[in-house]
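Asker: here is the input, now give the coordinates:
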Amino acid sequence: MNSRTRQDALARHLRRSGTTTVAELAAKVSASRRTILRDIAALRDQGFVIHSDPGRGGGLQLDPQSVQTTPRLTVAEVFALLISVAAMRAAGNLPFASLADAGLAKIERALPPDKLRDLRRFLDCLHVGQLAPEQDLSDLRPLDAILLPAFETAFLTGRLLRFHYRDAKGSPTLRTVEPQAMLILPPLWYLVAWDPARDAFRHFRMDRITTPEPLEDTSFRRRHVPFAADVCPYRDLKR
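Answerer: This is a model prediction of the structure:
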């Protein structure tokens, strides 16, 4: 159970139980006492009012009127918002663009420094361009929601990425690649990666990728991706 899921479970248990103890919470989520104390501090930072009564008969109580006031957005969640806006802008379909940009800027400023740093590193990998009008979109599928979290881990930690891929003819393969960039050509999204097996760059349509898995104890070097002239980095798109 990751910290976010565990803290959500603790908040729900506190709200239902009235009074509980650190030991009971630890048993509830199968965590150590030290972890629970860190989670309680994190919940308080998020705006939950949690009273602590020491001594026999005491325990932890959640103020029933308290609510979460600090948003807990992940890097992947904010990245998804930003690239969705970038894709709409590239497609010429972004009404109220100034309001969208202002709202996203506020979200970025609300991120902790470490998450903001990761977000900017992730955005450095994003490029946007225009799709050729003759591109066949007849087999376009929805993107799997697990792609972005897996890509985030692979890009930010420099890990090789393994996934199953279905090519244009429907033939399945298992690929292990070095993820170098993400390319948006609305409505198509691509993972741009160096394929060691073929000793070349490859563009993988993200709607054809399934079961992505960043590999432990692997690493790769960043490479210069030779994008076409009509493809620009995300930072240039914001100018």
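Asker: in space, what's closest to Val231 - neighbours in sequence excluded?
Answerer: Gly129 (3.7 Å; CB to CB, 6 or more residues apart in numbering). Where C-beta positions appear, they are placed from N, C-alpha and C, glycine not excepted.
Asker: just checking, His164 is part of a strand?
Answerer: Yes. Membership of His164 in a strand is supported by DSSP: H, G, I helix; E, B strand; the rest coil.
Asker: that one reaches Thr173, doesn't it?
Answerer: Yes. In this structure His164 lies within contact range of Thr173 using CB atoms under 8 Å: 7.4 Å.
Asker: with neighbour numbers in mind, choose between those two.
Answerer: Neighbour comparison, His164 and Thr173: the larger count goes to His164, with 14 against 10 (by other CB atoms under 10 Å).
Asker: what's the weakest-modelled helix or strand in the protein?
Answerer: Between all helices and strands in the chain, the lowest mean by mean pLDDT, DSSP states H and E belongs to helix 234-237, at a mean of 70.
Asker: for the residue nearest to the spatial centre of the chain, helix, strand, or coil?
Answerer: Taking CA atoms, centre = their mean, the centroid of the chain lies closest to Ala76, which sits 1.5 Å from it. Secondary structure assignment for Ala76 (three-state DSSP): helix.
Asker: what sits against Leu60?
Answerer: Leu14, Thr19, Thr20, Thr21, Val22, Leu25, Ile40, Ile50, His51, Ser52, Asp53 (CB atoms under 8 Å, 6 or more residues apart in numbering).
Asker: doesn't it belong to a strand?
Answerer: Yes. With three-state DSSP as the criterion, Leu60 is part of a strand.
Asker: against Leu37, how distant is it?
Answerer: Separation of Leu60 from Leu37 (CB to CB, to the nearest Å): 10 Å.
Asker: per-residue pLDDT, Asn232?
Answerer: Asn isn't right for residue 232; it's Cys. We have a pLDDT of 88 for Cys232.
Asker: how about it, phi and psi?
Answerer: Dihedral pair for Cys232: phi -120, psi 150, per degrees, to the nearest 10.
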